[in-house]
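Novice: Test case, fold it:
(one chain, ligands or ions: 1)
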Amino acid sequence: MNERDSEQVARMFIEGGYTVTADTTDADAILVNTCSVRDQAEQKALNKMNAMGHLRREKPHVVYGFMGCMAQSRGPELLQDVKHLDVVVGTQKYHRVFDYVDRILKTRTERRMDDLSLSLQGESVCDVEDEVDSQNTISDHVPKDIQSTAFVSIMQGCNMRCSFCIVPDTRGKERGRPIPHIVEEVKGLVAKGVKEVTLLGQIVNLYGRTEFDIVDRKSPFVQLLEAVHEIDGLERIRFTSPHPIGFRDDLVNCFTYLPKLCSHIHFPMQSGSDAVLKQMKRPYKNEKFISICEKIRAARPDIAITTDIIVGFPGETEEHFEETVACYERLQFDNAFVFRYSKRRNTPAAEMENQLTEQVKEERNQKLLAIVDRIAQEKNEALVGTTQRILCEGVSKTKDSTLSGRTSQNRIVIFEGDKTKLTGKMLDIEITHTSRFTLYGKLVD
Ligand code: SF4
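Specialist: Below you'll find the predicted structure:
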């Protein structure tokens, strides 16, 4: 979601006559979009911003800004803590970033350099207010030479209150965009060559439940999936992330009659223990989570299910942890992100008394990771010798001479080929070998 929000901001700068650069020494404005989901992510953003402060010695006009979740939760405090910071813009104000930065930059570049130390005072901006309809402001994309996949933000916010999570504070209440707006955005992407879209929401399956009606027993999210599925030229649809609440049979059934819907869901489980789920304020029981997974597998037998799990949550006993391990083994997830619980300030879990030691968290983390790796490796190895249909996304991240694409199950496949001819194409690749995360293969004629 942050990637998508950053793209919206970049697009506004391009329209305003700026050029995007990845080289900070080249930049007149440096914006860091921040994540608050873990403390480590916030520290990383702060370290990065502090490490770039020296650039102002060479270019006194350079504008520095924080956007996103940390900007939202810390607001003016950031301007006090990071002396060279100019702009702090929250999660409902991405569409204002351009105006704020452009105004400061123009003022500074128009001034005589020797007055600059004076002019820097009083120019900073902090905007973290709520804004009605902000969900409708994230719909523009950066033009690219060849693009086969795109993220589409369909909603903002979350109405849950998981006790470990800061998102409801940083992203506000659930707000969905109207279906016709989303369909128009996807049509525009397809016209530019996009073949696959990923629909994004904090709890994507709850999309529109407070604004739009259920029609023919279908939730607004299912109605949206059907509408997007109708778009000619679109080959694949993904969505992330769903929640067990509101994952009803109408959505499960989509996997039987919407062939463009990819055979993958990332479905956060968080814990396999009811006692821990209760402490997490996740309003479902483990059996419900398991039953949804089983229904999805019955509807789409080749589906890959990946998950998120937090280990070492306050009060998690060895038995609770073993329940999570047993559930993981039972469901045979294709892969997982395993997180050691870390305190987020202003969340109920951070105040719980029965916090675990770092050592216990790390032991459980390692134990679960070993299981995750083993199952992922086994599943990948079973694909050696098979032919997989992939969408080629372009040059691979690790080696310029190879291309990469994804299977419907979201497995990355690396192979050799001609970037110009193959990017954006659906291809058959014979899998020759694998690692935990990646399949390697060769193009089938
Ligand atoms: S569902 Fe829970 S974990 Fe997910 S964003 Fe909402 S509060 Fe956070």
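Novice: partners of the helix or strand containing A336, with directions?
Specialist: Assigned by DSSP states H and E, A336 belongs to strand 335-340. Strand 335-340 has its sheet partners listed here by DSSP bridges as strand 304-311 (parallel).
Novice: Now the partner strand: average pLDDT?
Specialist: Mean pLDDT, strand 304-311: 98.
Novice: on that earlier part again, show me what the strand holding A336 is in contact with.
Specialist: Strand 335-340 has contacts (CB atoms under 8 Å, 6 or more residues apart in numbering) with 38, 304, 306-312, 328, 358, 361-362, 364-365, 368-369, 372, 376, 436-437. To be clear about C-beta, it is placed using only N, CA and C from the backbone, and glycine gets the same treatment.
Novice: again, but for stretch 397-404
Specialist: 392-396, 412-417, 419, 422-423.
Novice: again, 7 Å this time
Specialist: Contacts to stretch 397-404, defined as CB atoms under 7 Å, 6 or more residues apart in numbering, come from residues 392-396, 412-417, 419, 422.
Novice: Just the CA coordinates for it, please, in PDB.
Specialist: Taking C-alpha atoms only, stretch 397-404 is exported to PDB below (Å, rounded to 0.1, in the frame of the first residue of the first chain):
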ATOM      1  CA  LYS A 397      15.800  -8.000  -9.400                       C
ATOM      2  CA  THR A 398      19.000 -10.100  -8.700                       C
ATOM      3  CA  LYS A 399      20.500 -10.500 -12.200                       C
ATOM      4  CA  ASP A 400      20.200  -8.200 -15.100                       C
ATOM      5  CA  SER A 401      20.700 -10.900 -17.700                       C
ATOM      6  CA  THR A 402      17.600 -12.900 -16.500                       C
ATOM      7  CA  LEU A 403      13.900 -12.200 -16.500                       C
ATOM      8  CA  SER A 404      11.300 -12.800 -13.800                       C
END
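Novice: Can you give me the distance of the closest residue to the ligand within the stretch 201-350 of the chain to Q43?
Specialist: Nearest residue of the stretch 201-350 of the chain to the ligand: Q202, at 4.3 Å (CB to the nearest ligand atom). Per CB to CB, to the nearest Å, Q202 is found 23 Å from Q43.
Novice: Write out the residues of the stretch 151-300 of the chain neighbouring the ligand.
Specialist: Residues of the stretch 151-300 of the chain found near the ligand, taking CB under 6 Å from any ligand atom as the criterion, are C158, M160, C162, C165, V167, P168, Q202, I203, H243.
Novice: nearest to D249, of these?
Specialist: H243 (15.7 Å; CB to CB).
Novice: where does the closest one land in three-state SS?
Specialist: coil (DSSP: H, G, I helix; E, B strand; the rest coil).
Novice: Repeat that for K397.
Specialist: coil.
Novice: Begin at 806 from now on, thanks
Specialist: From this message on, residue numbering opens at 806, which makes the last subject K1202.
Novice: Count the neighbours of P985 for me.
Specialist: Counted with other CB atoms under 10 Å, the neighbours of P985 add up to 9.
Novice: I should have written G821 there, sorry.
Specialist: 11.
Novice: dump the residue contacts of it.
Specialist: Per CB under 7 Å, 6+ apart, neighbours of G821: F903, D907.
Novice: Quick check: the residue of the stretch 806-955 of the chain nearest the ligand.
Specialist: Counting by CB to the nearest ligand atom, the stretch 806-955 of the chain gets nearest the ligand through V842, at 8.1 Å.
Novice: So the residue of the stretch 1006-1155 of the chain closest to the ligand is in contact with V972, correct?
Specialist: Yes. Assessed by CB atoms under 7 Å, Q1007 is found in contact with V972 at 6.1 Å.
Novice: Identify the contacts common to those two.
Specialist: Both Q1007 and V972 are in contact with C963, where contact means CB under 7 Å, 6+ apart.
Novice: for this structure, which helix is longest?
Specialist: In the chain, ranked by residue count with DSSP state H as the criterion, the top helix is helix 1163-1186.
Novice: how close does D844 sit to R1149?
Specialist: Distance, D844 to R1149, using CB to CB: 7 Å.
Novice: again, but for F1142
Specialist: Counting by CB to CB, the gap from F1142 to R1149 is 17 Å.
Novice: do the same with F1138
Specialist: Distance of F1138 to R1149, given as CB to CB: 25 Å.
Novice: Could you do E1127 as well?
Specialist: Note on E1127: its distance to R1149, by CB to CB, is 26 Å.
Novice: ok, those two, which is more surrounded?
Specialist: For E1127 and R1149, the more surrounded residue by other CB under 10 Å is R1149, and the numbers stand at 22 against 14.
Novice: List buried residues within the contacts of stretch 1202-1209.
Specialist: For these, a burial check counting by 16 or more other CB atoms under 10 Å picks out C1197, E1198, G1199, S1201, I1217, V1218, I1219, F1220, G1222, L1227.
Novice: so the second one makes contact with N1215?
Specialist: It stands for E1198. No. Applying CB under 7 Å as the test, E1198 and N1215 come out as separate, 11.8 Å apart.
Novice: any idea how far the residue nearest to N855 when sequence neighbours are not counted is from S929?
Specialist: Distances taken as CB to CB, 6 or more residues apart in numbering place V887 nearest to N855, at 6.6 Å, with adjacent residues excluded. Distance, V887 to S929, by CB to CB: 10 Å.
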